[in-house]
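Here's a sequence, model it:
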Amino acid sequence: MPVESSTNSTHPRHAPFLHMASRLDSRFSSFGVGGKNDEDEDRSVLEPDSIHQAVANEAWFQQTLSIVVVGASGDLAKKKTYPSLLKLFEESLLPPDTIIYGYARSAKTHQELRDHLFPHLMKTGTNEIIVKDFLGKCFYHSGKTYGDENAYAALVSDGLAKFEASTKSAVANRLFYLAVPPDVFGESGLVIKKLGMSASGWTR
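Residues are numbered from 1 along each chain as shown. The predicted model follows:
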């Protein structure tokens, strides 16, 4: 399953807006609120176009976003984290300038990570072309431990910082998602605090 890597800053709009809206509408309509009548429920759910408009008007959506999935080779990442990010990408709810780096202890190339994720992402029902476009934004870096300072320094300098410098925005935000067991939260948090913080935007 060849997938070309890409850090192109142009965010693809794969489906017509009405298609995205109808998918969101069906998704949100499945959530009922007890004790309310249908009219109240209708008012309590944002219209799909309002959701996209609200996100598009957020400052962070116009800025660069680097996402790091810590524990990228694990079960949680392939079954939950990456499929969720794929859906955000598919619905154009990620900033146009977004990169996703996986970090774990397993030795993998970028392509090996993509091959590892591909069958799980296809189970989401997303079109294969969109899945491959999404995987083109996915990269990988490994370290000896989850607190490996040398590995994180290389991830930040060779991966995140280079991508952020290539985009138009002067503000780069970073989001670290810990898809790891609780017993390595501590060392992960410490090395992120020391080496992974954004110098121009927020870090979460």
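
Please tell me how far Val156 sits from Gln53.
Counting by CB to CB, to the nearest Å, the separation of Val156 from Gln53 is 34 Å. For the C-beta atoms, the positions are set from N, CA and C on the backbone; glycine is no exception.

The two: which has the busier surroundings?
Just comparing Val156 and Gln53: by other CB atoms under 10 Å the higher neighbour count belongs to Val156, 22 against 11.

Nearest spatial neighbour of the residue nearest in space to the middle of the chain, chain-adjacent residues omitted?
Residue closest to the average C-alpha location in the chain (CA atoms, centre = their mean): Leu85, at 4.2 Å. In space, Leu85 comes closest to Ile100 once its chain neighbours are excluded; the distance is 6.3 Å by CB to CB, 6 or more residues apart in numbering.

Could you say which helix or strand holds the one you found?
Ile100 belongs to strand 98-104 when elements are defined using DSSP states H and E.

Now the element after that strand, going C-ward?
Once the chain leaves strand 98-104, the next helix or strand it forms, by DSSP H and E, is helix 110-122.

List the buried residues for that next one?
110-111, 113-114, 116-118, 120-121 (16 or more other CB atoms under 10 Å).

One more: stretch 66-77?
By neighbour count with 16+ other CB under 10 Å, stretch 66-77 contains the buried residues 66-74, 76-77.

Just the closest of the buried residues of helix 110-122 to Lys162, please.
His110 (13.9 Å; CB to CB).

Report how many residues lie close to Thr203.
Per other CB under 10 Å, the neighbour tally for Thr203 reads 15.

Am I right that it is in contact with Asn173?
Yes - using CB atoms under 8 Å, Thr203 makes contact with Asn173 at a distance of 7.2 Å.

returning to what we had before: for the residue nearest to the centre of the chain, which three-state class applies?
When classified by DSSP: H, G, I helix; E, B strand; the rest coil, Leu85 comes out as helix.

Identify the residues contacting it.
Residues near Leu85 by CB atoms under 8 Å, 6 or more residues apart in numbering: 67, 69, 94, 100, 134.

Now with 10 Å, please.
Counting by CB atoms under 10 Å, 6 or more residues apart in numbering, Leu85 touches 67, 69, 77, 93-94, 98, 100, 121, 134, 137-138, 177.

just Asp158 next, same as before
By CB under 10 Å, 6+ apart, the contact set of Asp158 is 139, 141.

can you pull out the strands in this structure?
Secondary structure of the chain by DSSP state E: the strands cover 64-70, 98-104, 138-142, 172-178.

Show me how far the last one is from its chain's centre.
What it means is strand 172-178. Distance of strand 172-178 from its chain centroid, counting by CA atoms, centre = their mean, to the nearest Å, is 9 Å.

contacting residues around Leu155?
Leu155 sits next to 66, 68, 101-103, 139-143, 148, 161, 191, 195-196 when contact means CB under 10 Å, 6+ apart.

Flag the helix or strand of this protein with the lowest per-element mean pLDDT.
The weakest-scoring helix or strand in the chain, judged by mean pLDDT, DSSP states H and E, is helix 17-28 (a mean of 41).

hang on, Ser200 packs against Ala170?
Yes - the pair Ser200 / Ala170 is scored as a contact, 6.4 Å apart, by CB atoms under 10 Å.
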